[in-house]
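**Q** how does the following fold in three dimensions:
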Amino acid sequence: MIRALSFLVSLVIALPLWAGEIAVLPGRGTLATAIAEANPGDVLTLAPGRYLGVVYIDRPLTLTGTHRAVIDGQRQGTVVTIDAPDVTLRNLTIMGSGLDSQAIDAGIKILKKADRALISRNRVLGNLHGIDVHGGLDAQVLDNIIEGTRDRRMNDRGNGIYVWNSPGTIVEGNTVRWGRDGIFSNTSRKGVYRNNLFRDLRFAVHYMYTNDSEVSGNVSIGNHLGFAIMFSNNVVLRDNLSLRDRSHGVMLNFANNSDVSGNLVRGGADRCTFIYNAHKNLIYGNRFEGCMIGVHFTAGSERNVLTGNAFLGNRTQVKYVGTRDIEWSFDGRGNYWSDHASFDLDGDGIADSPFRPNDLMDHILWSQPAAALLTGSPVVQLIRWGQSSFPATLPGGVVDSAPLVRAPTIDITSEYLAMEAEVAARWKESDYDDFDVNDLASH
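**A** A predicted model of the protein is given here:
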């Protein structure tokens, strides 16, 4: 009996070594038939052509070919459903999912227990959701081109990559365009989302209840919002670019104990960064440039450290309404402010005078917008001069006791600069679509 069990275990382990290579020809139902007849571990090579109808993978297999091999679901639900571990999809074109939002129709869906799926170098085009990682562990979504639908309201479209309750997911090197959100990660943990390009979306990366994870090296160009970290803890948000995103570059909403560093937000956003009820975050080495508001800081956010950041050319560098002082320097090192006129006589890189980005008139204008009519009046100018000359009269607010005299620099490739210029030329009020980023219920 023991020998028999040992033989069976050896047989199961050896199955991949016996894997066959099966050539599959295009047509209606040919791929589904090939899957049904395949043995675990087989490699199915798809010849160029159209494979009509949805397919269901219920055993470990590899499907590969060229992008001229097109699996077309013909708008009948999810195109490729993966319901087995160790499945690979590589170098294919997958298109034509259904448009049922309740069913989460997708180009590719990875179900619970379909662990270690590898989705690599595919073209996933014109589906409601592109790739739905829906419960499988340790999935890898690498180097795919994902283009969503454009014929519906933005909030009614699907996500490029949807990650739900799928710990260990790696999403890397993908290009995502159109649709709703580039990556929507919900109720998950220990994911890594890095080096992806997002264009013409609602959010580039949208986090809800996703903890202990990393968002790094991504590029968001021309989206409504770049990187939204919401109701999530212990997130590393590092070395990302938000170029010409319309509403926000980075949002921290009920996000705690996170590392936000080395990010660049530039060009035209209403807020480079919005920090709302977010606590104990380390925010350093970022560059916030050319927004209406550099940082909007509100809702009792506590014990955050901001140091080594650069605030350049924002119409309002900081918007904070409060009655107490908040120190924005750490261990003798503050931030760079493009509107801080000061000296560095000892040459230590720290300005010789502290900086307050807001005064009493800012607080009045935020609480009473009609007062903007008086902005240029002599009385307002006199109040501002008096406060600059007698700092004791300033209200509570942000204080940087050790401002920097040099701003950190973050390089951008010529490819991304060209994309940024193209977006700057076409962003108009009429292009704003149907999404209000300040309506948190729409998230």
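**Q** so the residue most central in space within the chain, which of the three states?
**A** Residue closest to the mean C-alpha point of the chain, counted by Cα atoms, centre = their mean, is V205 at 2.0 Å. Three-state assignment for V205 (DSSP: H, G, I helix; E, B strand; the rest coil): strand.
**Q** from memory it sits against G182, does it?
**A** Yes - shown here, V205 and G182 form a contact pair, counting by Cβ atoms under 8 Å, at 6.1 Å. Where you see a C-beta, it was placed from the backbone N, CA and C, and this is true even at glycine.
**Q** find the residues that touch each one of these two.
**A** Common neighbours of V205 and G182, using Cβ atoms under 8 Å, 6 or more residues apart in numbering, are 198, 220.
**Q** quick check: phi and psi on the nearest residue to I410 once chain neighbours are set aside?
**A** Nearest non-adjacent residue to I410, counting by Cβ to Cβ, 6 or more residues apart in numbering: L264, 4.3 Å away. Backbone dihedrals for L264, given as degrees, to the nearest 10, come out at phi -120, psi 120.
**Q** shaky segments in the protein?
**A** Applying pLDDT under 70 to the chain flags the ranges 1-18, 299, 321-323, 358-396, 428-443.
**Q** what segments of it are helices?
**A** With DSSP state H as the criterion, the chain has helices at 2-14, 30-37, 360-367, 378-389, 414-426.
**Q** what does the last one rub up against?
**A** Residues from elsewhere that reach helix 414-426 (Cβ under 8 Å, 6+ apart): 199, 219, 221-222, 241, 243-244, 266-268, 412.
**Q** measure I57 to P40 for me?
**A** 11 Å (Cβ to Cβ, to the nearest Å).
**Q** neighbour count winner among the two?
**A** I57 (25 against 16; other Cβ atoms under 10 Å).
**Q** need the contact list for that one.
**A** Neighbour list for I57: 35, 63, 80-84, 87 [criterion: Cβ under 8 Å, 6+ apart].
**Q** what's the ChimeraX line that selects buried ones from these?
**A** If you want just the buried ones from the contacts of I57 in ChimeraX, going by 16 or more other Cβ atoms under 10 Å, the selection is:
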select :35,63,80,81,82,83,84,87
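**Q** pull the most distant pair out of the contacts of I57.
**A** L63 and D83 (14.0 Å; Cβ to Cβ).
**Q** can the contacts of helix 414-426 go into JSON lines with extra columns for distance to T316 and neighbour count?
**A** Below are the contacts of helix 414-426 laid out as JSON lines (distance: Cβ to Cβ, whole Å; neighbours: other Cβ atoms under 10 Å):
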{"residue": "R199", "distance to T316": "28", "neighbour count": "20"}
{"residue": "V219", "distance to T316": "26", "neighbour count": "23"}
{"residue": "I221", "distance to T316": "24", "neighbour count": "24"}
{"residue": "G222", "distance to T316": "23", "neighbour count": "24"}
{"residue": "L241", "distance to T316": "22", "neighbour count": "26"}
{"residue": "L243", "distance to T316": "20", "neighbour count": "26"}
{"residue": "R244", "distance to T316": "19", "neighbour count": "25"}
{"residue": "R266", "distance to T316": "16", "neighbour count": "22"}
{"residue": "G267", "distance to T316": "16", "neighbour count": "23"}
{"residue": "G268", "distance to T316": "14", "neighbour count": "18"}
{"residue": "I412", "distance to T316": "24", "neighbour count": "14"}
